[in-house]
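>>> give the three-dimensional model of this entry:
(one chain, ligands or ions: 2)
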Amino acid sequence: MANKREDYISWDEYFMGVAKLSGLRSKDPNTQVGCCIVSQDNKILSMGYNGLPSGCSDDEFPWQREGEDPLNTKYVYTVHSELNAILNYRGGSLEGAKLYVSLFPCNECAKAIIQSGIKEVIYDSNKYDGTTSVQASMRMFDAAGVRYHAYHRTERTVMIEL
Ligand SMILES: Nc1ccn([C@H]2C[C@H](O)[C@@H](COP(=O)(O)O)O2)c(=O)n1
Ligand SMILES: [Zn+2]
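Ligands and ions are numbered 1, 2, ... in the order given. Model (predicted):
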(Lines give C-alpha, C1' and ligand atoms only; values in the text may rest on other atoms or scores of the structure.)
(Ligands and ions follow the chains in the order given, each with its own letter.)
Protein backbone atom coordinates (compact mmCIF):
# COMPACT_ATOMS: atom_id res chain seq x y z
CA MET A 1 0.00 0.00 0.00
CA ALA A 2 1.31 3.46 -0.86
CA ASN A 3 2.01 5.92 1.97
CA LYS A 4 0.36 9.30 1.96
CA ARG A 5 2.25 12.29 0.55
CA GLU A 6 4.13 14.20 3.26
CA ASP A 7 5.02 17.38 1.38
CA TYR A 8 1.49 18.75 1.07
CA ILE A 9 0.96 22.44 1.85
CA SER A 10 -0.32 23.55 5.27
CA TRP A 11 -3.69 25.27 5.79
CA ASP A 12 -1.89 28.62 6.19
CA GLU A 13 0.13 28.10 3.02
CA TYR A 14 -3.05 27.09 1.20
CA PHE A 15 -5.10 30.12 2.22
CA MET A 16 -2.30 32.68 1.85
CA GLY A 17 -1.47 31.07 -1.49
CA VAL A 18 -5.09 31.49 -2.62
CA ALA A 19 -5.03 35.11 -1.41
CA LYS A 20 -1.85 35.82 -3.38
CA LEU A 21 -3.16 34.03 -6.47
CA SER A 22 -6.31 36.20 -6.29
CA GLY A 23 -4.09 39.29 -6.13
CA LEU A 24 -2.64 38.37 -9.52
CA ARG A 25 -6.00 39.38 -11.02
CA SER A 26 -5.46 42.99 -9.94
CA LYS A 27 -4.86 45.60 -12.67
CA ASP A 28 -3.18 48.00 -10.21
CA PRO A 29 0.31 48.56 -11.62
CA ASN A 30 1.85 49.39 -8.24
CA THR A 31 0.27 47.18 -5.58
CA GLN A 32 -1.66 43.97 -6.15
CA VAL A 33 -3.51 42.73 -3.07
CA GLY A 34 -5.39 39.45 -2.66
CA CYS A 35 -7.67 38.19 0.08
CA CYS A 36 -9.19 34.87 1.08
CA ILE A 37 -11.89 34.50 3.76
CA VAL A 38 -12.08 31.17 5.53
CA SER A 39 -14.54 29.63 7.98
CA GLN A 40 -13.50 28.41 11.43
CA ASP A 41 -13.47 24.87 10.02
CA ASN A 42 -11.16 25.80 7.14
CA LYS A 43 -13.64 26.13 4.29
CA ILE A 44 -12.96 28.91 1.78
CA LEU A 45 -15.91 31.31 1.86
CA SER A 46 -14.83 34.13 -0.42
CA MET A 47 -11.95 35.77 -2.27
CA GLY A 48 -11.17 39.20 -3.61
CA TYR A 49 -8.54 41.48 -5.06
CA ASN A 50 -8.16 45.24 -5.45
CA GLY A 51 -9.93 46.57 -8.49
CA LEU A 52 -12.59 48.88 -9.82
CA PRO A 53 -16.30 48.50 -9.09
CA SER A 54 -18.38 46.61 -11.66
CA GLY A 55 -19.15 48.73 -14.69
CA CYS A 56 -16.08 50.95 -14.23
CA SER A 57 -13.68 50.11 -17.04
CA ASP A 58 -10.10 49.13 -16.13
CA ASP A 59 -9.08 50.93 -19.31
CA GLU A 60 -10.93 54.17 -18.71
CA PHE A 61 -10.37 54.90 -15.02
CA PRO A 62 -6.97 56.13 -13.80
CA TRP A 63 -4.34 53.89 -12.18
CA GLN A 64 -1.94 56.65 -11.19
CA ARG A 65 -1.06 57.36 -7.58
CA GLU A 66 -0.62 61.11 -7.84
CA GLY A 67 -2.23 63.97 -9.68
CA GLU A 68 -3.21 67.54 -9.09
CA ASP A 69 -6.81 66.47 -9.15
CA PRO A 70 -7.54 63.50 -6.85
CA LEU A 71 -10.23 62.51 -9.34
CA ASN A 72 -7.40 61.50 -11.65
CA THR A 73 -5.92 59.03 -9.15
CA LYS A 74 -6.86 55.43 -8.47
CA TYR A 75 -7.50 56.02 -4.77
CA VAL A 76 -10.99 57.40 -5.12
CA TYR A 77 -12.15 54.48 -7.29
CA THR A 78 -10.52 51.21 -6.26
CA VAL A 79 -12.28 48.68 -4.08
CA HIS A 80 -9.77 47.02 -1.77
CA SER A 81 -9.28 43.28 -1.82
CA GLU A 82 -10.70 42.77 1.67
CA LEU A 83 -13.87 44.74 0.97
CA ASN A 84 -14.30 42.92 -2.34
CA ALA A 85 -13.94 39.57 -0.58
CA ILE A 86 -16.51 40.59 2.04
CA LEU A 87 -18.93 41.89 -0.60
CA ASN A 88 -18.37 38.86 -2.86
CA TYR A 89 -19.60 36.53 -0.12
CA ARG A 90 -23.07 35.29 -0.90
CA GLY A 91 -23.53 32.83 1.93
CA GLY A 92 -24.90 34.94 4.80
CA SER A 93 -22.85 35.62 7.92
CA LEU A 94 -19.06 35.86 8.17
CA GLU A 95 -19.24 35.72 11.98
CA GLY A 96 -16.11 34.08 13.40
CA ALA A 97 -14.36 33.80 10.02
CA LYS A 98 -10.64 34.29 9.35
CA LEU A 99 -9.29 36.63 6.69
CA TYR A 100 -6.00 36.02 4.88
CA VAL A 101 -4.66 39.06 3.04
CA SER A 102 -1.38 39.82 1.30
CA LEU A 103 -1.21 43.37 2.74
CA PHE A 104 -2.27 44.65 6.17
CA PRO A 105 -5.81 46.12 6.00
CA CYS A 106 -6.38 49.86 5.76
CA ASN A 107 -8.68 51.60 8.25
CA GLU A 108 -11.69 51.50 5.90
CA CYS A 109 -11.35 47.76 5.37
CA ALA A 110 -10.75 47.31 9.10
CA LYS A 111 -14.18 48.81 9.74
CA ALA A 112 -15.79 46.43 7.25
CA ILE A 113 -13.88 43.45 8.69
CA ILE A 114 -15.07 44.26 12.21
CA GLN A 115 -18.66 44.90 11.17
CA SER A 116 -18.85 41.66 9.18
CA GLY A 117 -17.94 39.60 12.26
CA ILE A 118 -14.53 38.40 11.07
CA LYS A 119 -12.44 37.61 14.14
CA GLU A 120 -8.92 36.95 12.85
CA VAL A 121 -6.71 38.61 10.25
CA ILE A 122 -3.57 36.94 8.89
CA TYR A 123 -1.51 39.29 6.74
CA ASP A 124 1.69 38.91 4.74
CA SER A 125 3.26 42.31 3.94
CA ASN A 126 2.80 45.34 6.17
CA LYS A 127 4.60 47.79 3.92
CA TYR A 128 2.52 50.72 5.16
CA ASP A 129 3.20 49.97 8.82
CA GLY A 130 3.26 53.15 10.91
CA THR A 131 0.91 55.10 8.64
CA THR A 132 -2.16 56.72 10.16
CA SER A 133 -4.35 54.23 8.33
CA VAL A 134 -2.58 51.14 9.69
CA GLN A 135 -2.38 52.61 13.19
CA ALA A 136 -6.13 53.25 13.09
CA SER A 137 -6.78 49.69 11.88
CA MET A 138 -4.76 48.24 14.76
CA ARG A 139 -6.52 50.46 17.28
CA MET A 140 -9.93 49.37 15.99
CA PHE A 141 -8.97 45.69 15.81
CA ASP A 142 -7.65 45.83 19.39
CA ALA A 143 -10.81 47.52 20.64
CA ALA A 144 -13.11 45.15 18.76
CA GLY A 145 -11.26 41.97 19.72
CA VAL A 146 -10.14 41.09 16.19
CA ARG A 147 -6.87 39.18 16.42
CA TYR A 148 -4.22 39.95 13.79
CA HIS A 149 -0.84 38.43 13.16
CA ALA A 150 1.74 38.19 10.43
CA TYR A 151 1.82 35.12 8.23
CA HIS A 152 4.95 33.05 8.82
CA ARG A 153 6.43 32.53 5.39
CA THR A 154 7.82 29.09 4.74
CA GLU A 155 10.69 28.12 2.47
CA ARG A 156 8.21 26.76 -0.05
CA THR A 157 7.76 28.34 -3.45
CA VAL A 158 5.12 27.07 -5.84
CA MET A 159 5.32 27.16 -9.61
CA ILE A 160 2.03 26.57 -11.34
CA GLU A 161 1.78 25.97 -15.07
CA LEU A 162 -1.25 27.86 -16.33
N1 LIG B 1 -4.93 46.22 2.57
C2 LIG B 1 -5.01 46.82 1.36
C3 LIG B 1 -4.25 47.94 1.07
C4 LIG B 1 -4.34 48.48 -0.19
N5 LIG B 1 -5.15 47.92 -1.11
C6 LIG B 1 -5.15 48.45 -2.48
C7 LIG B 1 -5.58 49.82 -2.77
C8 LIG B 1 -4.77 50.20 -3.97
O9 LIG B 1 -5.32 49.61 -5.15
C10 LIG B 1 -3.45 49.54 -3.68
C11 LIG B 1 -2.48 50.41 -2.92
O12 LIG B 1 -1.80 51.20 -3.84
P13 LIG B 1 -0.41 51.92 -3.51
O14 LIG B 1 -0.73 53.10 -2.65
O15 LIG B 1 0.47 50.93 -2.80
O16 LIG B 1 0.12 52.30 -4.85
O17 LIG B 1 -3.78 48.42 -2.91
C18 LIG B 1 -5.89 46.80 -0.81
O19 LIG B 1 -6.61 46.25 -1.66
N20 LIG B 1 -5.81 46.28 0.44
ZN1 LIG C 1 -8.57 48.76 2.53
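>>> mind checking the end-to-end distance for stretch 88-100?
15 Å (Cα to Cα, to the nearest Å).
>>> just stretch 44-56 next, same as before
27 Å.
>>> numbering from 423 from now on, please.
Understood, numbering begins at 423; the last thing we discussed is stretch 466-478.
>>> how is residue 482 assigned, secondary-structure-wise?
coil (DSSP: H, G, I helix; E, B strand; the rest coil).
>>> can you pull the pLDDT of it?
pLDDT recorded at residue 482 is 98.
>>> then residue 488?
98.
>>> surely it forms part of a helix?
No: going by three-state DSSP, the assignment for residue 488 is coil, not a helix.
>>> spit out the contact partners of it.
residue 495 (Cβ atoms under 8 Å, 6 or more residues apart in numbering). Heads up, the C-betas are built off the backbone N, CA and C, glycines and all.
>>> what about it, distance to residue 455?
19 Å (Cβ to Cβ, to the nearest Å).
>>> just residue 527 next, same as before
Distance from residue 527 to residue 455, by Cβ to Cβ: 9 Å.
>>> what do you get for residue 535?
Taking Cβ to Cβ, one finds residue 535 at 14 Å from residue 455.
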